[in-house]
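S.K.: got a sequence here, can you model it:
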Amino acid sequence: MITTGIAATATGTVPDPLADPGTGATASGGLVHSTAKLRVKRHAMAGGTIRLRGRLRPAAARRVTVRINGEKVKTVRTGADGRFRVLWSAPGPGVYEAKAVTQASGQARMARSRVREINVYRPAVASYYGPGLYGNGTACGQTLTPGTHGVANKSLPCGEKVTLRYRARTVTVPVIDRGPFSGDREYDLTAATKAKLGFGDVGTVLTTR
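M.R.: Numbering: from 1, shown residues only. The predicted structure is shown next:
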């Protein structure tokens, strides 16, 4: 008589060569589930070099593509430990969304990392306004109060979100008014925005717009 499944009889299970060594889970179709993680520096300056790092699981030498705002930045091969690194130079200020994507291999499924936001800034001279104007309407149709968060700008559309950074503080507020109209200042911060940033009366802030 021919005997089969000796190992299965002895242990009660048949080892799966495609099972994830960390969890033992095997995806449908015999492909191991993959995971991709991406780490980025949240705040950066326009024109600077930004390092994006990550890791794929299961660890193996595989190709991974990093995309910024949906556009391919670079495709690299990971190390044997699944780690990878990509350098990217931001073309200008803005809020960028970064993601790592790896294609399916012979044994592992395709994987996508979570989207990571990168705030890229440029410097801009700003001041603040509000006292003496409370109760008045803004150019964007709001009523200015001591608690209003927002900025005045001469050209950005009403409601456009702007992320500002001053020292170690960051705030995202909408454009609510027009101005400033004196000096070389680009933004007028409301008193509430000024307070949240810990900003003075006149100075330089970092802006994503």
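S.K.: who does the lengthiest strand in the chain pair up with?
M.R.: For the chain, the strand that runs over the most residues, judged by DSSP state E, is strand 116-129. Strand pairing for strand 116-129, determined by DSSP bridges: strand 43-45 (parallel), strand 94-102 (antiparallel), strand 187-190 (parallel), strand 202-207 (antiparallel).
S.K.: ok, and which of these has the densest surroundings?
M.R.: Mean neighbour count (mean count of other CB atoms under 10 Å) peaks for strand 187-190 among the strands paired with strand 116-129, with a mean of 25. C-beta coordinates here come from the backbone N, C-alpha and C atoms, glycine included.
S.K.: and the next helix or strand after it, what's buried?
M.R.: Next helix or strand after strand 187-190 toward the C-terminus (DSSP states H and E): helix 191-197. Within helix 191-197, the residues scored as buried using 16 or more other CB atoms under 10 Å are Ala191, Ala192, Thr193, Lys194, Lys196, Leu197.
S.K.: do you know how far the fifth one is from Ala111?
M.R.: Applying CB to CB, to the nearest Å, the value for Lys196 to Ala111 is 38 Å.
S.K.: can you redo the strands paired with strand 116-129 as JSON lines with distance to Thr145 and mean pLDDT?
M.R.: Shown next, in JSON lines, are the strands paired with strand 116-129 (distance: least, CB to CB, whole Å; pLDDT from 0 to 100):
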{"stretch": "strand 43-45", "distance to Thr145": "30", "mean pLDDT": "95"}
{"stretch": "strand 94-102", "distance to Thr145": "27", "mean pLDDT": "95"}
{"stretch": "strand 187-190", "distance to Thr145": "9", "mean pLDDT": "96"}
{"stretch": "strand 202-207", "distance to Thr145": "22", "mean pLDDT": "96"}
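S.K.: from memory Arg63 sits against Thr102, does it?
M.R.: Yes: contact criterion CB atoms under 8 Å: Arg63 and Thr102 qualify, at 6.7 Å.
S.K.: of all the strands paired with strand 116-129, which one is nearest Val151?
M.R.: When the strands paired with strand 116-129 are compared by CB to CB, strand 187-190 sits nearest Val151, at 4.9 Å.
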